[in-house]
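Undergrad: Give me coordinates for this.
(chains A and B)
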Amino acid sequence: MVQVQTDDFDAGAIIHELKKSTNSIGAIVSFIGLVREFSHQDNIDSMTLEHYPGMTESVLHKIEADAIQRWDLLATSIIHRVGNLKAGDNIVLVATAAAHRKQAFEAAQYIMDILKTEAPFWKKEHTANGDHWVESKDSDLAEKDRWKS
Amino acid sequence: MIQIFYFASIREQLDCSTEEISLTDNIRTISELKHFLSARGDRWHDIFDASNQGVLFSINQEIARSHQAISDGDEIAFFPQVTGG
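TA: Residues are numbered from 1 along each chain as shown, chains lettered A, B, ... in the order given. This is a model prediction of the structure:
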C-alpha cells in the first residue's frame, strides 16, 4: 500500500492492518522518519515537503513492487507526508511483512534507501535564521549502490 | 505543445512553476530543450547551461536522459536531486 498525504498517520493502526492481511506473516519491520529538531546547528521550526503529484506515487509503487518481488514480501505499507510539518512530526512510515525477519529487515532498508534517492520529494527547512532547501547527501547515493544485484 | 513543470529550488530561482511551449524543429530532445531554456539568459542560463549537472528531468513522469526525444503532448519536469524520506 502506498499513500502520499498531508495528514499524520497512526503507525500502530497500520501495523494492525498488515497483520490482518494474511496468515503467513512471521515478521513485521517498521521504520518511521521524523522531522529533526536541529539541523546544521539551527533549530528547525517547521519544514515544507514538496512533491510531484502523480510521479511521486508511481515511483513509490515501483519501489514497493521491486521490494515485494525481491524479498517475497507478504504485505507492505509506504506512507509519506507532504505539506507543512513541525519539528518532531512524522514524515514517513515504511512497514514490511514477510515470513521471516531477514526479508522484512532487508526490504525495509532497501525501500528507504531507494526512496531517499529516487522518490520526487523536496524538503525546505524553516528556521529563525531563514529558509533553505535541504541538499541531497552523497552518503544516501552511496547507500543505494549496495542494493545493485 | 509540451507542458513543463519546475519544482523546489529551481521553481523558486526561475519564479516559474509551469509553462507550455510549442515544439519547434530545434527542440526534439531534452538536451535541445535545455539549450532553448538556457538561451533566455540570467537564471535560466545558470540552471540549464550544459555545465550544470545538478538538474534532473522527467518525461511523462519517468526519469529521463538528455538524449531522449520529446513529443507533442509530453509532460516534462525539471527538479533538483530529491530529498524525501
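
Undergrad: quick one: is the lengthiest helix in chain B near chain A?
TA: Counting by DSSP state H, the longest helix found in chain B is helix B:30-38. No - shown here: helix B:30-38 not in contact with chain A (CB under 8 Å from any CB of the partner chain), separated by at least 15.6 Å. No exception for glycine: its C-beta is placed from N, CA and C like everyone else's.

Undergrad: Okay, buried residues for that helix please.
TA: Neighbour counts over helix B:30-38 (16 or more other CB atoms under 10 Å in any protein chain shown) mark B:Ile30, B:Ser31, B:Glu32, B:Leu33, B:Lys34, B:Phe36, B:Leu37, B:Ser38 as buried.

Undergrad: how close does the second one get to A:Val35?
TA: To tie it back to what came earlier, the one meant is B:Ser31. Noted for B:Ser31: a distance of 38 Å to A:Val35, by CB to CB, to the nearest Å.

Undergrad: Give me the mean pLDDT for the helix or strand that the longest helix of chain B is followed by.
TA: Later in the chain than helix B:30-38, the nearest helix or strand by DSSP states H and E is helix B:42-48. Averaged across helix B:42-48, pLDDT comes to 95.

Undergrad: pull the CA atoms of helix B:42-48 into CSV?
TA: Written as CSV, here are the backbone C-alpha positions of helix B:42-48 (Å, rounded to 0.1, in the frame of the first residue of the first chain):
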residue,chain,number,x,y,z
ASP,B,42,20.2,35.1,-16.4
ARG,B,43,18.9,32.4,-14.1
TRP,B,44,17.6,30.3,-17.0
HIS,B,45,21.2,30.1,-18.2
ASP,B,46,22.6,29.4,-14.8
ILE,B,47,20.3,26.5,-14.4
PHE,B,48,20.0,25.0,-17.9
